[in-house]
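Enquirer: below are the sequence and a predicted model; questions follow.
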Amino acid sequence: MDGLNQLLRRVPVWSVYLLGLLPVPGLFFLGLTGGLGVEPVKALEHEYGELALKLLVAVLAVTPLRRYAGLNLMRFRRALGVLSFIYVLCHLLVWLLLDVQIPSQILADILKRPYITIGMAAFVLLLPLAVTSNNASLRRLGPRWRILHRLTYPAIALGALHYVMLVKGFQIEPLAYLAVILTLLALRLPAIRRKATT
Amino acid sequence: MHPLTIMATGIYGKDIPNQNGAPLRLVVPWKYGFKSIKSVVRITVTDQEPPTSWNMANAREYGFYSNVNPKVDHPRWSQATERRIGGGLFAGREPTLMFNGYEKEVASLYEGMDLAKHF
């Protein structure tokens, strides 16, 4: 594991950003050229949303991986967080501009449909985290930065719930995401942490 | 059977394949797609409302009648507008028509019914 950690130390953070951003134009291009099927708007919306959720799971996995497996990905965590926000934003923009389009219907949907209300709440929670994801904010906020960024936890939980609620009935995939996310969150509970370290 | 409904044995000029509902598929153009029963192997004439699969799976979301009705919201989305399939990424929304545009032909079948209750 030490060798792997040493190898990872040589991986520049910008390469994570570059690799992580590729699907944004990639999927859009597929949508334009028929690669996402006959209903590209829904497909693009779902692809961006699911990638956001995957990246959020990765963000959440960093600390447990270090604690229980000794794998240190801490350097890449902020990049993963910023990337996940970008995908949430893309997901939201596709919904706003390509899917629903009609302002009155957008507002009605946010108020009337619980899964959309919850999705929007998760987005609002992530907003201050994205804004303060730069070094200057980190310095200015000091220890408060860490406290503020604990908003990640409720945001991810709401994201998973959003997925569970928006599908038809109860389906395996969103429930699997929810289970993984709740497990990763549970690993942070003081009682479980204490048990694991002793 | 209403003249608009079709019992389809083929699709695009060929025999209907299994995945599209062989051997016989019902097509009811003024209802949502899930009412166009695939793979019909038996027809029972009854005077009672039969149980239907989507209604049993989620009664709140899928009613027995399932007419295309822009005025009644699906619990998870508005049904007032639609994007045409095949319109691509930038297809605009257009208003959904009552009974999928067949109001003149089929509205009389549901006369006097509260379509918000019998959805």
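Expert: On my side now, so go ahead. Source: prediction; values computed, not measured. Numbering: from 1, shown residues only, chains lettered A, B, ... in the order given.
Enquirer: which residues touch B:Ala107?
Expert: Counting by Cβ atoms under 8 Å, 6 or more residues apart in numbering or on different chains, B:Ala107 touches B:Met98, B:Phe99. In this view, the C-beta of every residue, glycine as well, is placed from N, C-alpha and C.
Enquirer: help me confirm that it is found in a helix?
Expert: Yes. Counting by DSSP: H, G, I helix; E, B strand; the rest coil, B:Ala107 is found in a helix.
Enquirer: which residues touch stretch A:103-110?
Expert: Outside stretch A:103-110, the residues touching it (Cβ under 8 Å, 6+ apart) are A:Leu96, A:Val100, A:Ile116, A:Thr117, A:Met120, B:Trp77, B:Ser78, B:Ala80, B:Thr81.
Enquirer: tell me the secondary structure for the first one?
Expert: Three-state secondary structure (criterion: three-state DSSP) places A:Leu96 in helix.
Enquirer: chain neighbours aside, what residue packs nearest to it?
Expert: A:Ile106 (6.2 Å; Cβ to Cβ, 6 or more residues apart in numbering or on different chains).
Enquirer: give me the number of residues near the one you found?
Expert: By other Cβ atoms under 10 Å in any protein chain shown, 16 other residues sit near A:Ile106.
Enquirer: and it, how close does it get to A:Val82?
Expert: Note on A:Ile106: its distance to A:Val82, by Cβ to Cβ, to the nearest Å, is 26 Å.
Enquirer: returning to that earlier point: out of the contacts of stretch A:103-110, which end up buried?
Expert: Taking 16 or more other Cβ atoms under 10 Å in any protein chain shown as the criterion, what is buried in the contacts of stretch A:103-110 is A:Val100, A:Ile116, A:Thr117, A:Met120, B:Trp77, B:Ser78, B:Ala80.
Enquirer: let me know the closest of those to B:Val41.
Expert: Within the buried ones among the contacts of stretch A:103-110, proximity to B:Val41 (Cβ to Cβ) peaks at B:Trp77, which comes in at 33.0 Å.
Enquirer: A:Tyr115 is in contact with the closest one, correct?
Expert: No. With contact defined as Cβ atoms under 8 Å, B:Trp77 and A:Tyr115 do not form a contacting pair (9.9 Å).
Enquirer: output the buried ones among the contacts of stretch A:103-110 as a markdown table; include the columns distance to A:Arg146.
Expert: Converted to a markdown table, the buried ones among the contacts of stretch A:103-110 look like this (distance: Cβ to Cβ, whole Å):
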| residue | distance to A:Arg146 |
| --- | --- |
| A:Val100 | 36 |
| A:Ile116 | 31 |
| A:Thr117 | 28 |
| A:Met120 | 25 |
| B:Trp77 | 39 |
| B:Ser78 | 41 |
| B:Ala80 | 46 |
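Enquirer: any chance of those in a markdown table with distance to B:Thr52 and secondary structure as columns?
Expert: As requested, the buried ones among the contacts of stretch A:103-110 are arranged in a markdown table below (distance: Cβ to Cβ, whole Å; DSSP: H, G, I helix; E, B strand; the rest coil):
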| residue | distance to B:Thr52 | secondary structure |
| --- | --- | --- |
| A:Val100 | 30 | helix |
| A:Ile116 | 28 | helix |
| A:Thr117 | 30 | helix |
| A:Met120 | 34 | helix |
| B:Trp77 | 21 | strand |
| B:Ser78 | 24 | coil |
| B:Ala80 | 25 | coil |
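Enquirer: in the residues you listed, find the pair that's most separated.
Expert: Farthest pair in the buried ones among the contacts of stretch A:103-110, by Cβ to Cβ: A:Met120 and B:Ala80, 20.4 Å.
Enquirer: what helix or strand is the spatially most distant residue from the centre of chain B on?
Expert: In chain B, B:Phe90 marks the outermost C-alpha relative to the chain mean, sitting 26.0 Å out by Cα atoms, centre = their mean. Using DSSP states H and E, B:Phe90 maps to neither a helix nor a strand.
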